[in-house]
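I need the structure of the sequence given here:
(chains A and B)
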Amino acid sequence: TQLLEQSPQFLSIQEGENLTVYCNSSSVFSSLQWYRQEPGEGPVLLVTVVTGGEVKKLKRLTFQFGDARKDSSLHITAAQPGDTGLYLCAGAPHGQNFVFGPGTRLSVLP
Amino acid sequence: ETGVTQTPRHLVMGMTNKKSLKCEQHLGHNAMYWYKQSAKKPLELMFVYSLEERVENNSVPSRFSPECPNSSHLFLHLHTLQPEDSALYLCASSLYPGGENTEAFFGQGTRLTVV
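Model prediction:
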């Protein structure tokens, strides 16, 4: 059983469309991170959310941490082919080691 | 450039070979990790080192042997691997191995193919 679940597993959309991907857990996290990984490369940290209900924006990407700090979402506005990649959420539940979710594989078609 | 460097980027080895993967970080971090990423599978944590001491070993076969000579360097020694060990091996570091606000910085990975 995954400590962190991500949905959808795969997503293929056209350039210019909006999308939201989700990261869920039954555990409370002190913080959550989102990473993007391109094929053949290591994951790159995008953002860390810390406070329940927190919203952070990174250009066309909007990250939200759930009020109960058990879930998070990533919304991309007007997706571009350069957004293609594997989106991973990760965090350390209270008293436990750092864990990763299985990821959402996004493909943005031109 | 994330501050974590892995070499080599690509490696092809036979099942009887012995090779080593190298990871180096100059971020002043105290924790280093080895992950395995197979096609269409989640990142699998293999080893965690904190201040050069191994703190976690997730039941990894003994044909994988980690070494952490200092807080900046991490090795993964490989011997008598199997074809199913072919994967992307990722090294990461963080200021601490867990707890609040842990953020991991990854290297670019070593693409390993066992033939």
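
What strands flank the helix or strand residue B:89 falls within, and is each parallel or antiparallel?
When elements are assigned from DSSP states H and E, residue B:89 belongs to strand B:87-94. Strands that pair with strand B:87-94, judged by DSSP bridges, come out as strand B:31-37 (antiparallel), strand B:105-106 (antiparallel), strand B:110-114 (antiparallel).

what's the nearest residue to residue B:63 if we skip its chain neighbours?
Distance criterion C-beta to C-beta, 6 or more residues apart in numbering or on different chains; nearest residue to residue B:63, sequence neighbours excluded, is residue B:80 at 5.3 Å. To be clear about C-beta, it is placed using only N, CA and C from the backbone, and glycine gets the same treatment.

I figured that neighbour hits residue B:13, correct?
No. In this structure residue B:80 lies outside contact range of residue B:13 using C-beta atoms under 8 Å: 10.2 Å.

still on that earlier bit, how close does the residue nearest to residue B:63 sit to chain A?
Per C-beta to the nearest C-beta, to the nearest Å, residue B:80 is found 26 Å from chain A.

And residue B:80 and residue B:13? Which one has more around it.
Using other C-beta atoms under 10 Å in any protein chain shown, the more surrounded residue of residue B:80 and residue B:13 is residue B:13, with 17 against 14.

which residue packs closest to residue B:29, ignoring adjacent ones?
The shortest distance from residue B:29 to any non-neighbouring residue, by C-beta to C-beta, 6+ apart, is to residue B:93 (4.0 Å).

list the contacts for that neighbour?
For residue B:93, the contact set (C-beta atoms under 8 Å, 6 or more residues apart in numbering or on different chains) comprises B:3-4, B:25, B:27, B:29, B:31-33, B:104-105.

Sketch out the low-pLDDT regions of the chain for me.
By default, I'm working from chain A. A:1-2, A:95, A:97 (pLDDT under 70).

oops, chain B please
In chain B, residues with pLDDT under 70: B:1-2, B:98-101.

Residue numbers of chain A in contact with chain B?
Within chain A, the residues that sit near chain B (C-beta under 8 Å from any C-beta of the partner chain) are A:2, A:30-31, A:33, A:35, A:40-45, A:48, A:50, A:88, A:90-92, A:96-103.

same thing but 7 Å
A:30-31, A:33, A:40-45, A:48, A:50, A:90, A:92, A:96-98, A:100, A:102-103 (C-beta under 7 Å from any C-beta of the partner chain).
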